[in-house]
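In: next input, structure requested:
(2 chains)
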Amino acid sequence: MTLAQIIELLLPQLILLITVLAIFIADLADTRKEKGWAPYLALAGILAALITSSLHWGREVSFLGNMMRVDRFSVFFNGVVLAASALSVLLAISYMRPRTPYRAEFYALLTVVALAMTLAAGASNILMIYLAMESISITSYILVGYLRQDAKANEAAIKYFLYGAATSAMMLYGMSLLFGISGTLDLTGLADFFRAGVPEASRWIAFPAMVLLLAGFGFKTALVPFHQWSPDTYEGAPTPVTAFLSVGPKAAGFAILMRVFITGLPRFYTDWAALLAGISIVTMTLGNLVALRQSNIKRMLAYSSIAHAGYILIGVVCLSLSTTSPFNGVNSAMIYLLAYLFTNVGAFLTVIAFEEATGSTTIADYAGLMKRSPWLAVPMLVFLLSLTGIPSTGGFIGKLFVFGSAIQVQFYLLAIVGIINSAIAAFYYLNVVRYIFFTPAPEQAGPVPVPRPLRWVLAICLIMTFFIGLYPQPFMQLTTGSASLLASL
Amino acid sequence: MNFPILTVITFVPVIGAIVGLLIPKEQEKTIKWYSVAVSLIPLVLSIILWVTYDSAAGGMQFVEKAPWIPALGATYHVGADGISVPMIFLTALLTTLSLFYSAYTIHTRVKEYFLLFLLLETGMFGVFVALDFVLFYVFWEVGLVPMYLLIGIWGGQNRLYAAIKFFIYTLVGSVAMLLAILYIYFNVGSFDILEATARFGQARPFMQNFTAVSLAFWAFFLAFAIKVPSFPFHTWLPDAHTEAPTAGSVILAGILLKLGAYGFLRIVLPIFPEAFSYYAPVVGVLAVISIVYGALVCMAQWDLKRLIAYSSVSHMGYVMLGLAAAAASLARGEVVTNSAAMALNGAALQMFNHGVITGGLFFLVGVIYERAHTRDLKVFGGLGAKLPYYYGIMAVTGFASLGLPGLAGFWSEFFVFRGTFAIIPIYAVIGVLGVIFTAAYILWKIIQFMFLGPFNAERWGKLTDMELFEKVTMWPLIIFMVLFGIYPTPILNLFNTATTALMGGLL
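Out: Below is the predicted model of the structure:
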């Protein structure tokens, strides 16, 4: 493979890298305080990366000695994580302006996470995966604690860091075990090694190794029992960062989880599927039950985000190789993540606009929002209904797919736990609706202004939530990458 | 290509609602009359639908089919048969009357109210025309949200509790249904309801897959029985109906309950004939309990609106009884097919009549509540002389509700019991008790306590009789009660084409 070809395949990552450097250099060069250009420069870089990555659609190549892959799966996840990054940049503009003078660095760091996430989406070597995940984590810690005057943000960052460091060490240990048995770091090499026949002894190493790997993946995707950081971190972090964490790194975590388990360890499918099924049930149930009791909207959305990870896991467990059925499990997880991206960013957008106007993140303070700002209240209703899984929204299509994959492989238990959970979830989403629509607004409460960048995000999220909900056909084409991943099963 | 009448009927209200967003919310009058005008379009079209439906040919007509999500096997497939045509008309009629009545009685958050009502109308039409499971499910739940908001914003004292209870009950049923839909999908390979009827319903897979098919049957049963509602899933109804604003109660009782009954006719009976037949005794017992228990609870109510709410539990029990009888007949072969079709005709007619009658009763509750600001039956008395017009209308509607011959309610009860008696006589015998109790609570509770006895001139001396807009709201309903009481043939013919085809297909 020539250098030119490698550069072409790594173009999205290179663009992001150049953008990061450009922001840092320009930040030094520009001595003024405002630095209003920084978010737009980051946005331009991220969008350029998104476009160049999309141009790789249809390619199936490994390069850099099997370190990286460009395939439909990675292109899809590049799309998801870059869209999440771009939307988060827009969310942050008006939020960060009054809160910190060091804004250019913030966008540079966000772009670094975007870069790390695209590496994670394409990594096909355990070492590469570890590096990508660590890059996501370390930059995320900084983003969470970015408002360093804020005690809550500091607590959030420390907690995030401690959990992250511990689980990452566990994951690294699991990786070393796998390397120890097989002598390879390459995922396909790993699969070939185990397929060739597994000595009983190495089976007993592989299983703990998978559990240890799961600690790292579970931390990124906020699966129970590796979720404990997330409510505090979500509450304390600057809200645009919370929105970002709930969709970007989470999607990247799922991409890695699926690629490692499906491509690297297909031999142990029954083992890890059973493990993940149990985790899925616990994650959904715990996330939803605890969310019921939250009075802070960011914490509520944090627990809701845990619960959604549980639903997505149903897709990862219920794999199927059927070529005739549209449900194969992986594509269910992919379409769910896509719908969740726009829905959850939309919900956080309302939280950000409300916080900027009133300084509050308490659910009870949303009383009478419909009267105060109908143009914010009605979209929020749509996003909450989409999170509940009501049809005509993207959230419904996600649920239809994950439950469909469970019914298809006749894993009825998982489907039934899933639907009971979606009914429980309705309580806390509707609780917000209740305040917004039914409770009268306090006296002299004015409208909640929505700054211009937020309006763009609002429009994008609203359109995409309905688009995925009413006409999912084109998005299903985008998930065809799932097939190539499953081919190794 | 023919005029896509069903699509137009279904989507005119929601498009009207979106266009209505452009009207500034201060112009309340414009919004009100605009919404009434929008709802007239589907009303006129639904009359055309009824008139042009060829009942000699029967079957699904006005069918439209277009690809929607090919990768999933979901299509945009709509059509109407003898059961759905009158239901579409009923939906259009009650919505227009509700909007008209609300134009005079709703004074707060006018724009939201009227636009939500239009959105609700689309959801209801959609359920009656959808022939694809995904489409059906989408419309099924789309109607849920506006009704939740209608109860929660414009409802009575206890509206928050009633609204969430309504939503959660329905949602639990629907998510169970979603799993059952997926189960059928994986057995049929398509989301098409007619294909599922043909391939799943007639393949008779029940005994081979007893557990799975039973689970799917009960999942659908749960979804529809909650909506109907059948005992013991009825507890959301008294709260929701009592707390909802008048027009909301009318739509809840008039249409939303029918969605559940319609689900039984369109999906459960055709697709799970064996399972339904096997479990018919359970369904029949629940139906009889609903009838008798519902009527007894009515006798104990002192809140007029709550009484009428419970009467819906009782009256929808007749629908369930007719369905149970038809299902039970399948085990008995051809001997009782006529009776089965008769029971189903009765059930379908009861759906229509209950919509007209109970819709009317809820309007009448609204009329007195607007004036007296109470619904407590104990404080009224002797209103007959003071409000003669109101008394007359209430008496006719009440008599229709208790099944007086010559009014519409009689025929539906007659057909249900005539059909049921030939198939499962003991259920019919117990169920008939409900008719007696109904007469008791209508005559004793409503007529006697409100209109007869001593008149409290001090308190009620200033009450005025029905105003023109209230009369205009009630008269179309009265006309249908009388018309179908004297001459039910036009609507029965329609139902009969559908039910005989349905029963014929199952044997």
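In: hey, let's count contacts and neighbours off CA atoms from now on
Out: Noted.
In: what sits against residue 135?
Out: Chain wasn't specified; assuming chain A. By Cα atoms under 8 Å, 6 or more residues apart in numbering or on different chains, the contact list for residue A:135 reads A:113, A:116.
In: ah, I was thinking of chain B
Out: Shown in contact with residue B:135 (Cα under 8 Å, 6+ apart): B:74-77, B:126.
In: now the stretch 401-507 of chain B against chain A: closest residue?
Out: Of all residues in the stretch 401-507 of chain B, the one sitting closest to chain A is residue B:506 (27.1 Å; Cα to the nearest Cα).
In: could you report the neighbour count for residue 5?
Out: Because you didn't say which chain, this covers chain A. For residue A:5, the number of neighbouring residues by other Cα atoms under 10 Å in any protein chain shown comes to 11.
In: that answer is for a different chain, and I need it for chain B
Out: 17.
In: give me the phi and psi for it.
Out: According to degrees, to the nearest 10, the main-chain angles of residue B:5 amount to phi -60, psi -40.
In: just to revisit the earlier point, who wins for most neighbours among the contacts of residue B:135?
Out: Most neighbours among those, by other Cα under 10 Å: residue B:126, with 26 neighbours.
In: find the nearest non-adjacent residue to that one, please.
Out: The shortest distance from residue B:126 to any non-neighbouring residue, by Cα to Cα, 6 or more residues apart in numbering or on different chains, is to residue B:139 (5.3 Å).
In: model confidence for that neighbour, exactly?
Out: On pLDDT, residue B:139 comes in at 93.
In: quick one, what contacts it?
Out: Counting by Cα under 8 Å, 6+ apart, residue B:139 touches A:391, B:122-124, B:126-127.
In: that one sits in which helix or strand?
Out: helix B:133-142 (DSSP states H and E).
In: residue 432 - how many residues pack around it?
Out: No chain in the question, so chain A it is. 21.
In: if you could check chain B rather than the one you did, that'd help
Out: For residue B:432, the neighbour count with other Cα under 10 Å is 18.
In: report the contact partners of it.
Out: Contact partners of residue B:432, counting by Cα under 8 Å, 6+ apart, are residue B:417.
In: show the end-to-end separation of stretch B:104-111, please.
Out: 14 Å (Cα to Cα, to the nearest Å).
In: quick one: is that stretch near chain A?
Out: No. Using Cα under 8 Å from any Cα of the partner chain, stretch B:104-111 stays clear of chain A, coming no nearer than 9.0 Å.
In: show me where the chain has its strands.
Out: Picking chain A for this. Here chain A has its strands, by DSSP state E, at A:61-63, A:68-70.
In: nope, chain B
Out: Under the criterion DSSP E, chain B contains strands at B:61-69, B:74-80.
In: figure out which of those strands is closest to residue A:17.
Out: Closest approach to residue A:17 among these (Cα to Cα): strand B:61-69, 39.2 Å.
In: against which helices or strands is the closest one packed?
Out: Identification of packing neighbours for strand B:61-69 by 3 or more Cα pairs under 8 Å, 6 or more residues apart in numbering or on different chains; DSSP states H and E yields strand B:74-80.
In: the strand it packs on: how far from the chain's middle?
Out: 22 Å (Cα atoms, centre = their mean, to the nearest Å).
In: ditto for stretch B:484-496
Out: On Cα atoms, centre = their mean, the centre of stretch B:484-496 falls 18 Å from that of its chain.
In: now the strands of chain A as CSV including mean pLDDT and distance to residue B:354?
Out: What follows is the strands of chain A, written out as CSV (pLDDT from 0 to 100; distance: least, Cα to Cα, whole Å):
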stretch, mean pLDDT, distance to residue B:354
strand A:61-63, 89, 66
strand A:68-70, 91, 62
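In: out of the ones you listed, which is the most enclosed?
Out: Highest mean neighbour count of the strands of chain A: strand A:68-70, a mean of 23 (counted as mean count of other Cα atoms under 10 Å in any protein chain shown).
In: who's in contact with residue A:88?
Out: A:240-241, A:243-244, A:345.
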